[in-house]
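>>> Sequence and predicted structure are below.
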Amino acid sequence: MSPEQLARLAGELDEVEVVHNTPAFPIPGTRAEKRAERSVALWFVISAISMIAFVVAFIAWPWEYVNVGEPGHALYNLYTPVIGFTFGFSVLSIGIAVIQMVKKLFPDETSVQQRHDGPSTDVDRATFLAQVADAGKGTTIGRRKLIIRSAGLAAAVAGIGTGVVALGGIIRNPWAEGDDAPLWHTGWRPENGETVYLRTDTGILSEIARVRPEDMEPGSMMTVFPYRESERGNEEELLHAQRASDAPVMLIRLRPGTEVTKRPGQENFNYGDFYAWSKVCTHLGCPTSLYQAQDNRILCPCHQSQFLATQDAEPVFGPAARPLPQLPITVNEEGFFVARSDFVEPVGPAFWERPKTT
Ligand code: FES
């Protein structure tokens, strides 16, 4: 039996009745048909171009944060919209192309089939395959080389674009700078022997409010940022120090007499009842902004992780799996809190190279 005969038999066996079938273009090769074909191909090509634009933007667009008012801020601001638009438009264009192809080129057919329960027989399966092949012929796609090529182009470029999305984030080597790699240090790292103070945010950038022990009541918490005297009067550097995502630290004053279990090797990181922990949650990086003095718990509002201040900020509830990194602090001869060093472990969500410290 020829494939056509098998397809017909399949229809009969499946009790499919073709009510009507009208080819989109009964006479092949007309100008109207060519026009329809070109409009479908055009959308596939637009999809490919859009995906190429996405790949270029993903790799080359300036994505690093630029402060408001600085040159390049507008371009930085456009990074996410540009990659979102180009990727989304590429996918949308493929959708439009497929819809147009079905509407303009596929035959207009109405069939009715009776439904039966149970598995298919061998004959059913053979005839089904023949039917699918025949339907493929009926769509006339097989002879439309322009559409096949443009669809192939769009699919190939979409595959490349998706690959870029999946792999792009891990191409850059975060350890290229060795011990100086940004993941290993924060704005708390003392540089050129300069003292790093703990400063609170008053809402006025130029107002430098360094913190003293007497500024805090027992059982209270304050958010602090790194500050160096060399930054005084330099709005740009002050802003940078305050805006850095790994800079915020919670300075907590425990109630007198609170017993604390300290991590081995970090016994002297605190100053009396004062403890400083990174405010960046080790789950997904939200600010752990809430301190509950009654039971000494630090709470992250994003997914409800809780860290116990009396147990070296160990997570005791929620999805966070690692303790908050502790900043070593002391008080200098002027009576201000200062950082004794940078954090001794990476801040923020865990990553696989991070040594487990507990
Ligand atoms: S980011 Fe803190 S619990 Fe998820």
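Arrived safely.
>>> From D117, how far off is L129?
22 Å (C-beta to C-beta, to the nearest Å). Glycine gets a C-beta too; all of them are placed from N, C-alpha and C.
>>> Compare the two (neighbour count), which wins?
Per other C-beta atoms under 10 Å, whichever of L129 and D117 has more neighbours is L129, with 14 against 4.
>>> for the helix or strand containing that one, packing partners?
Using DSSP states H and E, L129 falls within helix 122-138. Counting contacts by 3 or more C-beta pairs under 8 Å, 6 or more residues apart in numbering; DSSP states H and E, helix 122-138 is packed against helix 3-13.
>>> The helix it packs on packs against which elements?
Using 3+ C-beta pairs under 8 Å, 6+ apart, helix 3-13 sits against strand 16-22, helix 122-138.
>>> any residues touching stretch 304-311, and which ones?
252, 254, 258-261, 275, 277, 281-283, 288, 291, 296-300, 313-320, 323-324 (C-beta atoms under 8 Å, 6 or more residues apart in numbering).
>>> which of these are buried?
252, 254, 275, 277, 281-283, 288, 291, 296-300, 313-315, 318, 320, 323-324 (16 or more other C-beta atoms under 10 Å).
>>> what's around K145, how many residues?
Quick note: K145 (other C-beta under 10 Å) scores 11 neighbours.
>>> Now do the same for it: its pLDDT.
Per-residue pLDDT puts K145 at 86.
>>> At the contact with the ligand, which residues of the protein appear?
Proximity of the chain to the ligand, by C-beta under 6 Å from any ligand atom, involves residues 281, 283-286, 300, 302-303, 305, 318-320.
>>> and those residues as JSON lines, adding pLDDT and secondary structure?
Formatted as JSON lines, the residues of the chain next to the ligand follow (pLDDT from 0 to 100; DSSP: H, G, I helix; E, B strand; the rest coil):
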{"residue": "C281", "pLDDT": "95", "secondary structure": "coil"}
{"residue": "H283", "pLDDT": "91", "secondary structure": "coil"}
{"residue": "L284", "pLDDT": "91", "secondary structure": "coil"}
{"residue": "G285", "pLDDT": "91", "secondary structure": "coil"}
{"residue": "C286", "pLDDT": "93", "secondary structure": "coil"}
{"residue": "C300", "pLDDT": "95", "secondary structure": "coil"}
{"residue": "C302", "pLDDT": "93", "secondary structure": "coil"}
{"residue": "H303", "pLDDT": "93", "secondary structure": "coil"}
{"residue": "S305", "pLDDT": "95", "secondary structure": "coil"}
{"residue": "G318", "pLDDT": "92", "secondary structure": "coil"}
{"residue": "P319", "pLDDT": "92", "secondary structure": "coil"}
{"residue": "A320", "pLDDT": "91", "secondary structure": "coil"}
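>>> So which of the buried ones among the contacts of stretch 304-311 sit within strands?
Here DSSP state E is the test, and the buried ones among the contacts of stretch 304-311 give 252, 275, 277, 291, 297-299, 314-315 as lying in strands.
>>> what about the helices in this structure?
3-13, 31-60, 73-105, 122-138, 145-168, 235-243 (DSSP state H).
>>> quick one: average pLDDT of the second one?
The pLDDT scores in helix 31-60 average 93.
>>> any idea of the angle that helix forms with helix 145-168?
Going by axes from the mean of the first three to the mean of the last three C-alpha atoms, to 10 degrees, helix 31-60 is angled at 20 degrees with respect to helix 145-168.
>>> other SSEs contacting helix 31-60?
Against helix 31-60 (3+ C-beta pairs under 8 Å, 6+ apart) you get helix 73-105, helix 145-168.
>>> which other residues reach the last one?
Read it as helix 145-168. By C-beta under 8 Å, 6+ apart, helix 145-168 touches 37-38, 40-42, 44-45, 47-48, 51-52, 54-55, 58-59, 87, 90-91, 93-94, 97, 101, 105, 141.
>>> Any of the residues you listed buried? List them.
37, 40-42, 44-45, 47-48, 51, 54-55, 58, 87, 90-91, 93-94, 97, 101, 105, 141.
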